[in-house]
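1. What follows is a predicted structure for the sequence shown.
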Amino acid sequence: MFSIEQLQAFVATVETGSFSAAARHLGKVQSVTSQHIINLEIDCNATLFTRTGRYPKLTEVGKKLLPQAQALLSQHQRFKNSAFALTNHTPNEITIALDEGIPFQKLTNIISELELKYPQTTLEFLSASSLDIIDMLSNDQALTGVVFSELIIPDFLDFECIGAVKFDLYIAQFHPLATQVCKNIDDLRMYRQLLIRSRNTLTSSFQLKISPDIWYADNYFLLLELVLQGHGWCLLPNHVATESVQNGSLIKLPLEFKEMGWLANVDVLQHQRHSNQDEFKVLRNLLRNLL
């Protein structure tokens with residue numbers, strides 16, 4: 001009979017690349033992890049990994065079973081979170097983490113409505129990069145996050161898209177690129193790029209590394225200051241750049257391809273342990289009006 005432990009060992013081995021790394025990831029000794037996989041192979045009557053090389057490699061049978069194992073583990077996690085929520089009362093304090101690159105002019109009205117409905121709840125607001133906010137949600141430092149969409153979101157988080165923010169490429173008005181029209185993206189490789197990354201040095205899935213010379217910051221307003229001082233070019237949310245563009249200190253990068261910026265989707269993230277509770281549903285519904 002298959003067990004959750006067997007599936008966890010199977011998926012962890014694929015994701016980490018070896019039996020020993022999977023054991024470390026699961027907090028078990030390697031012999032236990034290896035035995036779980038052997039037992040799973042016996043139960044499936046099939047070999048899931050070839051073991052002839054230095055690292056285990058999925059067989060064709062293993063490749064077919066992997067997505068089903070991942071789906072079962074995801075559903076198992078959701079079941080555990082749903083069971084936890086049955087006896088878990090709404091917390092007295094809700095921490096909302098926000099990416100600074102998202103406009104929040106309407107946040108005051110949203111929070112006022114939440115306060116009227118739940119006057120006894122204490123609210124805390126944190127600001128961080130989107131990737132840092134995902135980490136905060138993972139360890140309950142935050143209970144709701146408003147972030148730019150990432151390609152990979154942990155299975156234990158529920159999410160919905162509430163809109164999008166327009167980004168464009170910007171430089172200081174005295175930067176060398178201000179006096180020429182870039183014909184293609186290769187022209188940008190010759191100049192320093194300024195880029196957002198998290199405090200654990202991860203970069204967003206939509207923040208492309210183009211130049212070999214890169215400086216980093218963990219929020220868009222610091223990135224703006226670096227751009228204004230002429231330290232490089234960068235991608236900024238338009239609302240962050242508006243004031244500097246209006247006073248002439250910042251300009252959109254002159255481009256032959258006029259639209260090299262893009263729209264970044266904005267998501268509301270909540271842990272599965274809380275997302276079905278009334279207060280979190282109300283908050284999620286209010287945040288739909290943010291953009």
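-> Alright, I've got the coordinates. Residues are numbered from 1 along each chain as shown.

2. and Asn265, what element?
-> Secondary structure assignment for Asn265, by DSSP states H and E: strand 262-271.

3. All the strands of the chain, residue numbers only.
-> 49-50, 57-58, 93-98, 122-127, 144-148, 157-172, 193-196, 214-217, 233-237, 250-252, 262-271 (DSSP state E).

4. Could you spell out the sheet neighbours of the strand holding Asn265, each with its direction?
-> Within its sheet, and counting by DSSP bridges, strand 262-271 is paired with strand 144-148 (antiparallel), strand 157-172 (antiparallel).

5. So which of the strands of the chain is nearest Thr33?
-> strand 49-50 (12.0 Å; Cβ to Cβ). Any C-beta I mention is one placed from the backbone N, CA and C, and that applies to glycine too.

6. got a list of contacts for that closest one?
-> Thr13, Ile37, Pro56, Lys57, Leu58, Thr59, Gly62 (Cβ atoms under 8 Å, 6 or more residues apart in numbering).

7. Name the nearest residue to the first one, ignoring sequence neighbours.
-> It stands for Thr13. Nearest in space to Thr13, with sequence neighbours left out and distances taken as Cβ to Cβ, 6 or more residues apart in numbering, is Ala22 at 4.2 Å.

8. likewise the second one?
-> The shortest distance from Ile37 to any non-neighbouring residue, by Cβ to Cβ, 6+ apart, is to Ala9 (5.2 Å).

9. so what's the one you found up against?
-> By Cβ under 8 Å, 6+ apart, the residues touching Ala9 are Ala22, Leu26, Thr33, Ser34, His36, Ile37, Leu40.

10. could those residues go into TSV alongside neighbour count?
-> Shown next, in TSV, are the contacts of Ala9 (neighbours: other Cβ atoms under 10 Å):
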residue	neighbour count
Ala22	25
Leu26	18
Thr33	26
Ser34	19
His36	25
Ile37	21
Leu40	21
